[in-house]
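Student: take a look and give me a structure for this.
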Amino acid sequence: MYAHRPAQRRPVPLALVLALTLLFTGCSADPPADPPPPSTAPRPVGMDAARDELAALAAAAQDRHLVARYTWRVDGAGDRLIVVTSANDGSWRVDVPGGAHGGAVDISLAASADGLFQCALPSPSRPEPASCVRLGERDDTLPRRLDPRVQHPFTDWLDVLTDRRAPLSVSPAAAPAEATGSCYSVETTEASINPPLDVGIYCFDADGTPTAVRVAFGTLTLAAPPEPAPATVQLAGPVVEAEPLEMAAPPVDPAAPPSSPVDPAAPPSSPVDGVPGGTASSSGTP
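Tutor: The predicted structure follows:
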């Protein structure tokens with residue numbers, strides 16, 4: 001008889017051991033966590049508060065009806081005095097000395113329920129009586145060739161400053177020279193061919209009175225305390241069928257006799273009731 005011999009165990013291949021280890025490890029391990037969301041840099045302290053403050057002041061300015069005079073300073077040119085009227089019925093008017101023909105002609109821009117108007121005022125290079133041209137509906141956008149831009153801080157740019165969806169960055173700023181009120185530096189956060197407003201510094205009193213603006217076209221500073229607003233604005237003259245005056249000076253006719261140059265530092269001609277370049281038809285309203 002043969003003695004019983006125990007069965008010999010065959011060694012398990014090392015490759016099989018490694019494969020089983022990896023298999024069970026993969027089944028028992030937790031799935032990889034989702035990658036953390038990209039971190040966003042915190043907004044500087046005070047920027048949200050400044051945006052809220054400016055929006056509230058601009059909203060107050062929209063409800064502020066007044067007659068106000070502003071000194072307009074541009075590098076390399078003499079100071080000019082513009083007159084802003086925001087009437088109780090929502091109509092507005094801005095008188096701009098040297099606002100057309102390269103500074104040679106005084107103009108007035110006005111908007112009412114009847115539309116948007118440009119009025120040519122008497123000036124040394126244009127002694128004719130004031131007359132007005134209808135440019136379109138009151139909310140139409142002026143083409144750049146007709147736009148002196150000084151009216152925007154008192155009209156449509158206030159809409160942008162109150163719009164929290166507008167791509168703006170706002171921070172507190174120091175007031176320009178001779179300016180008062182709370183001032184804010186405003187920049188756009190999106191590149192655009194036609195930005196919603198000019199970047200710069202905007203200042204307001206607590207009641208919403210615009211006190212200063214410093215932007216690309218120059219600096220506007222409140223020159224005197226505002227006066228009460230009229231019920232509505234009056235155009236400087238009758239509405240006529242004519243072409244509006246452009247910002248640029250018209251081409252020189254070589255056959256025309258030379259005219260005397262206009263000194264931009266000289267005071268506007270024929271002031272009526274304190275309005276630069278005004279006429280009797282203004283009835284004392286800028």
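Student: OK, contacts around residue 71?
Tutor: By Cβ atoms under 8 Å, 6 or more residues apart in numbering, the residues touching residue 71 are 79-81, 178, 220-221, 223. For the C-beta atoms, the positions are set from N, CA and C on the backbone; glycine is no exception.
Student: try 6 Å this time
Tutor: 79, 221, 223 (Cβ atoms under 6 Å, 6 or more residues apart in numbering).
Student: please pick the buried ones from these.
Tutor: residue 221 (16 or more other Cβ atoms under 10 Å).
Student: let's see which of the contacts of residue 71 end up in strands.
Tutor: Judged by DSSP state E, the subset of those located in strands is residue 221.
Student: mean pLDDT per element in the protein, and the minimum belongs to which helix or strand?
Tutor: helix 14-28 (a mean of 50; mean pLDDT, DSSP states H and E).
Student: list phi and psi for residue 109.
Tutor: In terms of degrees, to the nearest 10, the main-chain angles of residue 109 are phi -110, psi 140.
Student: my read: it touches residue 92, true?
Tutor: No - between residue 109 and residue 92 there is no contact, the gap being 8.4 Å when judged by Cβ atoms under 6 Å.
Student: what about the helices in the stretch 1-150 of the chain?
Tutor: Here the stretch 1-150 of the chain has its helices, by DSSP state H, counting those that start in this stretch, at 14-28, 47-62.
Student: excluding sequence neighbours, find me the nearest residue to residue 188.
Tutor: Nearest non-adjacent residue to residue 188, counting by Cβ to Cβ, 6 or more residues apart in numbering: residue 195, 4.9 Å away.
Student: what strand or helix carries the one you found?
Tutor: Taking DSSP states H and E as the definition, one finds residue 195 inside no helix or strand.
Student: give me the number of residues near it?
Tutor: 15 (other Cβ atoms under 10 Å).
Student: now it: how far from residue 72?
Tutor: Residue 195 sits at a distance of 21 Å from residue 72 (criterion: Cβ to Cβ, to the nearest Å).
Student: what sits closest to the residue minimising distance to the centre of the chain if chain neighbours are left out?
Tutor: Ranked by distance to the mean C-alpha position of the chain (Cα atoms, centre = their mean), the top residue is residue 197 at 2.6 Å. In space, residue 197 comes closest to residue 157 once its chain neighbours are excluded; the distance is 4.3 Å by Cβ to Cβ, 6+ apart.
Student: quick one: that neighbour and residue 198 touch, right?
Tutor: No - here residue 157 does not reach residue 198: they are 7.7 Å apart, not a contact under Cβ under 6 Å.
Student: give me the more crowded residue out of the two.
Tutor: Under the criterion of other Cβ under 10 Å, the comparison of residue 157 against residue 198 puts residue 157 first, with 22 against 17.
Student: isn't there a helix covering that one?
Tutor: Yes - assessed by DSSP: H, G, I helix; E, B strand; the rest coil, residue 157 belongs to a helix.
Student: what does the model give it for pLDDT?
Tutor: Here the pLDDT value assigned to residue 157 is 98.
Student: and residue 257, by the same measure?
Tutor: The model's pLDDT for residue 257 equals 57.
Student: give me the below-cutoff pLDDT ranges for the chain.
Tutor: Applying pLDDT under 70 to the chain picks out residues 1-47, 253-286.
Student: hmm, 50 instead?
Tutor: In the predicted model, the chain carries pLDDT under 50 at residues 1-7, 17-18, 22, 27-29, 36-45, 260-286.
Student: and the strands in it?
Tutor: 66-73, 80-86, 92-100, 105-112, 115-121, 131-136, 168-172, 182-188, 200-204, 210-215, 218-222, 227-228.
Student: between those, which one is nearest to residue 145?
Tutor: Closest approach to residue 145 among those (Cβ to Cβ): strand 92-100, 10.0 Å.
Student: quick one: the closest one to strand 80-86, angle?
Tutor: On the basis of axes from the mean of the first three to the mean of the last three Cα atoms, to 10 degrees, strand 92-100 is oriented at 160 degrees to strand 80-86.
Student: and the nearest residue to residue 123 once chain neighbours are set aside, how far is that from residue 80?
Tutor: Distances taken as Cβ to Cβ, 6+ apart put residue 106 closest to residue 123, at 4.5 Å, once the chain neighbours are dropped. Distance of residue 106 to residue 80, given as Cβ to Cβ: 9 Å.
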